[in-house]
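Visitor: coordinates only, no sequence provided:
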């Protein structure tokens with residue numbers, strides 16, 4: 001008995017992941033094109049820090065989402081698997097609801113455990129020997145902290161604070177994971193807050209106050225993850241008409257505050273390269289269309305590879321310095337970092353071009 005292949009929706013472009021990079025990429029590509037976004041639960045993340053500025057990540061995500069045409073975002077679905085047709089190499093996605101989607105182009109923006117990155121053969125992201133507890137604190141009558149990034153370290157515990165507004169402060173506590181019992185961080189916000197307060201018991205009272213007053217629904221605890229620099233240098237980032245962007249390509253520690261910014265850069269470059277490739281497509285020659293799309297994606301990968309390699313190398317070295325138990329390894333990493341970061345802001349002053 002023969003069974004017919006399941007019917008599938010057809011879309012020109014599917015973006016997996018509704019975080020900063022996914023939404024920005026959709027904006028960069030939306031010019032009259034059929035674009036579908038699978039949100040993949042990315043909106044849970046609450047804040048992002050960059051250079052000496054800080055904002056709530058949810059605010060940025062909402063702003064990007066509000067600019068998209070009505071009907072672009074698909075709510076309530078998640079990609080279970082993605083495969084390439086053995087003959088046409090057309091991407092096919094299976095969703096949690098059991099339906100299928102055939103797409104001309106798939107862009108994975110779904111974070112460090114990306115299914116699209118797995119399809120491309122990129123090695124899995126790894127965990128630093130560093131954990132972080134993060135949160136937001138609201139001061140109804142305003143706080144007195146100057147608008148600057150403050151970082152304090154005592155022994156193996158580091159605390160950082162940066163105001164977002166006159167009423168809102170972002171803070172974090174980072175620590176080597178061997179100071180915690182077990183391999184998993186707690187999920188309960190009350191437990192997370194209690195852990196943070198215990199870790200900073202020897203810190204100044206104003207830091208205690210900020211964490212004590214923090215918003216429980218903003219608190220999170222996790223191992224920091226990274227994609228190894230050598231994997232970025234040697235890894236495949238395009239297969240057929242499938243590629244990755246944002247954390248799915250280059251997840252890295254938050255030590256230099258450029259994760260969200262680099263995702264926005266990816267969106268601009270991808271939008272430009274793919275837009276230029278697709279603007280020259282005429283007629284119904286599918287083979288020619290696919291070839292031009294692949295060329296556009298190759299150009300995108302070429303432009304981004306060395307840029308994200310630099311970011312990831314710097315954060316990798318800082319992660320070693322913060323988390324390693326070996327003084328010798330810390331010294332070597334510190335020496336290498338000093339060479340790479342002779343200009344401490346050079347990595348920020350970068351122009352990725354226009355759409």
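Guide: Good, I have the coordinates. Computed from a predicted structure; not experimentally measured. Numbers count the residues shown, from 1 in each chain.
Visitor: C-terminal to the helix or strand of the chain with the lowest mean pLDDT, what's the next element?
Guide: Here the helix or strand of the chain ranked lowest by mean pLDDT, DSSP states H and E is strand 47-50, holding a mean of 47. Next helix or strand after strand 47-50 toward the C-terminus (DSSP states H and E): strand 53-56.
Visitor: list the helices and strands that following strand packs on?
Guide: strand 47-50 (3 or more CB pairs under 8 Å, 6 or more residues apart in numbering; DSSP states H and E). Placement of C-beta: from N, CA and C, glycine included.
Visitor: pLDDT below threshold where in this structure?
Guide: Low-confidence segments of the chain, defined by pLDDT under 70: 1-6, 31-32, 39-53, 70-77, 179-184, 280-284, 343-347.
Visitor: and the closest residue to residue 265 other than its chain neighbours, how many neighbours?
Guide: Distance criterion CB to CB, 6 or more residues apart in numbering; nearest residue to residue 265, sequence neighbours excluded, is residue 352 at 4.2 Å. Neighbour count of residue 352, defined by other CB atoms under 10 Å: 16.
Visitor: for the host helix or strand of residue 260, what is the distance to the chain centroid?
Guide: Using DSSP H and E, residue 260 sits in helix 259-279. Counting by CA atoms, centre = their mean, to the nearest Å, helix 259-279 is centred 15 Å from the centre of its parent chain.
Visitor: could you list every helix and strand in contact with that helix?
Guide: When contacts are defined as 3+ CB pairs under 8 Å, 6+ apart, helix 259-279 packs onto helix 20-29, strand 47-50, helix 247-250, helix 286-323.
Visitor: quick check: buried residues in it?
Guide: For helix 259-279, burial by neighbour count (16 or more other CB atoms under 10 Å) applies to 259-274, 277-278.
Visitor: show me the contact partners of stretch 121-132.
Guide: By CB atoms under 8 Å, 6 or more residues apart in numbering, the surrounding residues in contact with stretch 121-132 are 112-114, 118, 172-178, 180, 185, 221-228, 231, 235-237, 239, 244, 249, 251, 253-254, 319, 322-325.
Visitor: ChimeraX command for the buried members of those?
Guide: Selection of the buried residues among those in ChimeraX, burial being defined by 16+ other CB under 10 Å:
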select :112,114,172,173,174,175,176,177,180,185,221,223,224,225,226,227,228,231,235,237,239,244,249,251,253,254,319,322,323,324
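Visitor: can you show me the strands along the stretch 151-300 of the chain?
Guide: 157-163, 168-176, 220-226, 238-239, 242-244 (DSSP state E, counting those that start in this stretch).
Visitor: now do the last one: distance to the chain's middle.
Guide: It refers to strand 242-244. Relative to the chain's own centre, strand 242-244 is displaced by 14 Å; criterion: CA atoms, centre = their mean.
Visitor: paired strands for that strand, with orientation please.
Guide: Using DSSP bridges, the strands paired with strand 242-244 are strand 100-108 (parallel), strand 238-239 (antiparallel).
Visitor: show me the longest strand that occurs in the protein.
Guide: For the chain, the longest strand by residue count, based on DSSP state E, is strand 126-138.
Visitor: may I see the buried residues of that strand?
Guide: 127, 128, 129, 130, 131, 132, 133, 134, 135, 136, 137.
Visitor: for the second one, give its distance to residue 240.
Guide: So the one you mean is residue 128. From residue 128 over to residue 240 the distance is 32 Å, taken as CB to CB, to the nearest Å.
Visitor: just the first one next, same as before
Guide: Taken as CB to CB, the spacing of residue 127 relative to residue 240 amounts to 30 Å.
Visitor: now swap in residue 59 and tell me
Guide: Per CB to CB, residue 59 is found 36 Å from residue 240.
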